[in-house]
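J.: sequence and predicted model, in that order:
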Amino acid sequence: MTLVQKNRAYDQARFNMIEQQIRTWEVLDPKVLQLLHQVPREHFVPEAYQGLAFADIEIPLANGQSMLSPKLEARILQSLDLQASDRVLHVGTGSGYFTALLASMAAHVVTLEVDAELSATAAYQLAAHDIHNVTVALGNGVNGLPAHQPYDVIVLTGSSPVEPSHLRDELKVGGTLFIVLGTGPAMQATLIKRVSEKGFSRQVIFETCIPVLEGAPQGHTFKF
């Protein structure tokens, strides 16, 4: 297969992904759909799995980690309603693809990854695609990153049995935290909004089941 044929095949697979997976999972925001066309997901997928870059699966990454499915990435992105002025904390860099999506819509993204190999690979790919409004850091961000707070948006791309303590306190008033809470097989994708200095609202937006973040707390559920 020539490079031109390969690129055409990717373009067709990307189109099919958006039409058959993304739209049918209630992702209709034109900004999100356009971004999925623009950011080359196949470049952030390990070479051995590039043929599956647009499949409705979690693609394996180094050291036992994985990428979220395309429809879940799109649904999360739509739920965040990112603004061009937003400062974002992203926990769970992974391949760097979801970080790239966030950075394409926000002013700046700080992204944290516990795995050194994944962090380095993601940083390389982001730079290779001229995405420079990202700070890639090595570390466990389950409990946030106070040094760079407050954030307009905090998003965790792994689950936690319960909400990590103090994470919501790093939001600006009006800011949003996305987190998948609970244990399998049914976890709750949850938006927590800071409505005042001490006030928060909570909305479960859909159910899913994704891998647990390393170091996620196992304690009692947060009481509102």
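T.: Sure thing, it's come through.
J.: how about the helices in the chain?
T.: Using DSSP state H, the helices of the chain run over residues 3-17, 30-38, 70-80, 97-105, 116-128.
J.: contacts for the last one next, please.
T.: In this case it means helix 116-128. Applying C-beta atoms under 8 Å, 6 or more residues apart in numbering, the external contacts of helix 116-128 come out as 43-44, 61-63, 65, 93-96, 99-100, 103, 111, 113, 132, 134, 136-138. Any C-beta I mention is one placed from the backbone N, CA and C, and that applies to glycine too.
J.: in the chain, where is pLDDT below threshold?
T.: By pLDDT under 70, the weakly predicted segments of the chain are 219-224.
J.: need the strands for it, in chain order.
T.: Assigned by DSSP state E, the strands in the chain fall at 87-91, 108-113, 134-138, 151-160, 171-181, 187-194, 200-208.
J.: next, format those strands as a markdown table and append distance to residue 69 and mean neighbour count.
T.: Converted to a markdown table, those look like this (distance: least, C-beta to C-beta, whole Å; neighbours: other C-beta atoms under 10 Å):
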| stretch | distance to residue 69 | mean neighbour count |
| --- | --- | --- |
| strand 87-91 | 17 | 25 |
| strand 108-113 | 19 | 24 |
| strand 134-138 | 22 | 18 |
| strand 151-160 | 11 | 23 |
| strand 171-181 | 13 | 20 |
| strand 187-194 | 13 | 19 |
| strand 200-208 | 9 | 14 |
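J.: can you lay out those strands as a markdown table showing distance to residue 124?
T.: Shown next, in a markdown table, are those (distance: least, C-beta to C-beta, whole Å):
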| stretch | distance to residue 124 |
| --- | --- |
| strand 87-91 | 17 |
| strand 108-113 | 13 |
| strand 134-138 | 9 |
| strand 151-160 | 19 |
| strand 171-181 | 26 |
| strand 187-194 | 30 |
| strand 200-208 | 29 |
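J.: of those strands, which is nearest residue 24?
T.: Closest approach to residue 24 among the strands of the chain is made by strand 200-208 (13.6 Å; C-beta to C-beta).
J.: okay, how far is it across stretch 28-44, tip to tip?
T.: Using C-alpha to C-alpha, to the nearest Å, the end-to-end distance of stretch 28-44 comes out at 24 Å.
J.: off-centre distance for that stretch?
T.: Chain-centre distance of stretch 28-44: 13 Å, with C-alpha atoms, centre = their mean, to the nearest Å.
J.: which of the residues in it are buried?
T.: 32-33, 35-36, 39-44 (16 or more other C-beta atoms under 10 Å).
J.: sorry, back to before: pick the most deeply packed of the helices of the chain.
T.: helix 97-105 (a mean of 24; mean count of other C-beta atoms under 10 Å).
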